[in-house]
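Enquirer: No letters, just coordinates:
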């Protein structure tokens, strides 16, 4: 049988990057995690851990240039540099997804839609050369908009990418680094940088260390190690933004009345009644009388997969809201989360991050996780109500036992194990994985009202049909990205 | 279900912990008024607008009210990042709340809103400004207190004409801000001070009376006022006619009325 020739169209690159990286802040996450993964991979392969490993992010707004540079080992040879820089969708990393954050090999080009020129510069220790690979973003977009131009993806990459080797200065021989340079960055990036919350958003998103002033960090890390049998430090890297060290913003003032409570999170028991697979460690802290903490970007439980943020502050509420087993209003749940701080630190070989990295691919394992989160929200909400009745009414005795029971369910998971059988029949069935099962509004406007989401879904279906008809799906994705960004900024 | 006896949280057993945190929580939930500057604005003629556009035509009334809301929102937008500045729309009324030290900013804002709503939407406004005790919760969605009631009652009972009256407490706030009262307020025949909105607006926009006159002419404001006055005068509804008449006299006093 003759071998079939598969042609990958030239707009595929744009389709992938625009769909996955519609918000430019994501590119910082991609490049920082690439640096962390590269260092971990080198150490796994026998290199010594670099004690002062760090990533520096430098922004030059005058020349519209961003440099993201690490002092890791770099890629050892020009040949492997070229090979790696030109591969798309092949991360070259080992299959064990619990060891490395990135796994698709697409994040490297996440900066391409947002700059005129994207350059990777590599210097291995004791090498006399510096390897450079440049992707011409503007040229690529010009070619895409040229309706008459032909060629497939590999042809166009050949036209827009250059690889070069330069001689390193003699004094730099011992230096080793890998840097990403975005030149002529777009207005989208400028708007991201101009956001007064940019630094805080970056801090929440990146795989950072805890602040040294946060005494609870030692307890969290040691509990994580004892349960997950790995050091979470593996997924932490020091990052500097324009010279300023970035750390997770928790400090001791974040530790509320309850002190730090832990849930060792597992999936449901196996058929032989042995414990379910480990999912991660949840730590949280709350005030006895749950209430808002104003001007606070850290409220709620932040879910992190290998220490990288998944979703946002209200993700727990969104997960519980989508679970048919527990019915209360979304607003109730988001308000409840306003009285809590915490993180769910996940690392599971049974869970796969979705491509946008805002949650996990739907399957039996992620359903277990969703059920745990739903149960947590149910218990938290129950505590909130009981405590409100107790504290507001001057501590009446008749409500105290209810409150103690709600408190116990919330803080002592061992004594109050989750009964997965209580979740509804519907949630026991495998989750459908068709793309249509995920609504556009949940992805694009996760925080808007249900009415608005419903209208958005109806309208976007029509708009999508139009763009598909005129064969401009990329434009549709760009439109969605623009809308999502607008609502996020709002 | 596990028993809770003897269990600990934050190093204390549950009963001790609830007792300790309960004592700490008590003072925190005590709510207090704070000294605030409040303005209450009421758009006149909305009842008529709605009754003139019954079912099937209601979009005309809704569009008009939304147009006014947009004007208010645009005017307020420049102040949205200001600490302790809140505004709230309740049907055809608008409430503004801020610190007493922001009196001048508030008067400028009210002047812009009143001017634009008359000129662009052809609706008259009435209101009052006062300083007193109030409490704001839920980012301004809930405002209550004696000052709010005072502002509402002044507007309802004392404003009488399409003017935003300013009571003594708010006048004192202007004096404390070391600003000249007559740059912002005007004393009426009944001794009430009201926001001299056209003067403040002209100063803010750096317009001369002649420029303002052109704008008013362009926006058909003269026609709107004259038509309203005549319509209600002919119907012998002097209560409403005098509202248009008062506004015309106010414009004449500022020399921005059309040349006869």
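Expert: Looks like it came in fine. Being a predicted model, the structure only gives us computed values, none of them experimental.
Enquirer: so where is the chain shaky, pLDDT-wise?
Expert: Reading this off chain A. Residues of chain A that meet the criterion pLDDT under 70 lie in A:1-22, A:89-96, A:103-105, A:146-150, A:292-296, A:324-327, A:393-395, A:424-438, A:451, A:490.
Enquirer: looking at chain B here, not the other one
Expert: Using pLDDT under 70, chain B drops low at B:1-2, B:24-31, B:80-81, B:138-140, B:259-260.
Enquirer: hmm, 80 instead?
Expert: Applying pLDDT under 80 to chain B flags residues B:1-5, B:22-32, B:55-56, B:78-84, B:136-142, B:259-260.
Enquirer: those strands in it, which residues are they?
Expert: With DSSP state E as the definition, chain B shows strands at residue ranges B:8-9, B:12-13, B:34-43, B:86-90, B:93-98, B:125-137, B:142-144, B:164-166, B:185-187, B:193-195.
Enquirer: mind putting the ones you listed in TSV, mean neighbour count included?
Expert: C-beta: built from backbone N, CA, C; applies to glycine. Listed next are the strands of chain B as TSV, based on neighbours: other CB atoms under 10 Å in any protein chain shown:
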stretch	mean neighbour count
strand B:8-9	17
strand B:12-13	14
strand B:34-43	23
strand B:86-90	16
strand B:93-98	22
strand B:125-137	23
strand B:142-144	15
strand B:164-166	27
strand B:185-187	19
strand B:193-195	24
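Enquirer: closest to chain A out of these?
Expert: Chain A sits nearest to strand B:8-9 of all the strands of chain B, at 5.6 Å, using CB to the nearest CB.
Enquirer: returning to what we had before: I'd like the strands of chain B as CSV, with distance to residue A:385 appended.
Expert: Output for the strands of chain B, formatted as CSV (distance: least, CB to CB, whole Å):
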stretch, distance to residue A:385
strand B:8-9, 18
strand B:12-13, 22
strand B:34-43, 29
strand B:86-90, 28
strand B:93-98, 31
strand B:125-137, 20
strand B:142-144, 21
strand B:164-166, 44
strand B:185-187, 51
strand B:193-195, 47
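Enquirer: Let's have those strands in JSON lines, adding distance to chain A.
Expert: Output for the strands of chain B, formatted as JSON lines (distance: least, CB to the nearest CB, whole Å):
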{"stretch": "strand B:8-9", "distance to chain A": "6"}
{"stretch": "strand B:12-13", "distance to chain A": "10"}
{"stretch": "strand B:34-43", "distance to chain A": "15"}
{"stretch": "strand B:86-90", "distance to chain A": "14"}
{"stretch": "strand B:93-98", "distance to chain A": "18"}
{"stretch": "strand B:125-137", "distance to chain A": "11"}
{"stretch": "strand B:142-144", "distance to chain A": "14"}
{"stretch": "strand B:164-166", "distance to chain A": "32"}
{"stretch": "strand B:185-187", "distance to chain A": "36"}
{"stretch": "strand B:193-195", "distance to chain A": "32"}
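Enquirer: can you tell me which of those strands comes nearest to residue A:333?
Expert: Of all those, strand B:125-137 sits nearest to residue A:333, with 20.4 Å by CB to CB.
Enquirer: What helices and strands are in contact with the closest one?
Expert: Secondary-structure packing of strand B:125-137 (3 or more CB pairs under 8 Å, 6 or more residues apart in numbering or on different chains; DSSP states H and E): strand B:34-43, helix B:103-121, strand B:142-144, helix B:146-153, strand B:164-166, helix B:168-176.
Enquirer: Skip the chain neighbours and tell me the closest residue to residue 257.
Expert: As the question left the chain open, I've gone with chain A. Of all residues not flanking residue A:257 in the chain, residue A:288 sits nearest, at 4.5 Å (CB to CB, 6 or more residues apart in numbering or on different chains).
Enquirer: You answered for a different chain; I wanted chain B.
Expert: Nearest to residue B:257 is residue B:251, by CB to CB, 6+ apart, at 4.4 Å.
Enquirer: What is the burial count for that neighbour?
Expert: Using other CB atoms under 10 Å in any protein chain shown, residue B:251 has 21 neighbouring residues.
Enquirer: same check, this time on residue A:243
Expert: That count, for residue A:243 with other CB under 10 Å as the rule, works out to 8.
Enquirer: tell me the contacts of it?
Expert: Applying CB atoms under 8 Å, 6 or more residues apart in numbering or on different chains, one finds that residue A:243 lies in contact with residue A:56.
Enquirer: how far does stretch B:135-150 stretch from start to finish?
Expert: End-to-end distance of stretch B:135-150 (CA to CA, to the nearest Å): 14 Å.
Enquirer: Would you mind listing the outside residues contacting it?
Expert: B:31-34, B:36, B:38, B:40, B:84, B:86-88, B:95, B:97, B:128, B:130-134, B:167.
Enquirer: secondary structure class for residue A:49?
Expert: coil (DSSP: H, G, I helix; E, B strand; the rest coil).
Enquirer: Apart from its neighbours in sequence, what residue is nearest it?
Expert: Of all residues not flanking residue A:49 in the chain, residue A:43 sits nearest, at 5.2 Å (CB to CB, 6+ apart).
Enquirer: what about the residue in the stretch 251-400 of chain A that chain B sits nearest to, neighbour count?
Expert: Residue of the stretch 251-400 of chain A nearest chain B, by CB to the nearest CB: residue A:288 (3.3 Å). Other residues near residue A:288 come to 24 when the count uses other CB under 10 Å.
Enquirer: Report the contact partners of residue A:220.
Expert: A:210, A:260, A:281, A:283, A:343, A:345.
Enquirer: Isn't the second one up against residue A:281?
Expert: No - between residue A:260 and residue A:281 there is no contact under CB atoms under 8 Å: 11.0 Å.
Enquirer: More neighbours: which of these two?
Expert: The residue with more neighbours, out of residue A:260 and residue A:281, is residue A:281; 23 against 19, by other CB under 10 Å.
Enquirer: hang on, that one in a strand?
Expert: Yes - if the criterion is three-state DSSP, then residue A:281 is within a strand.
Enquirer: that older thread, show me what contacts the residue nearest to residue B:257?
Expert: By CB under 8 Å, 6+ apart, the contact set of residue B:251 is B:198, B:216, B:225, B:257.
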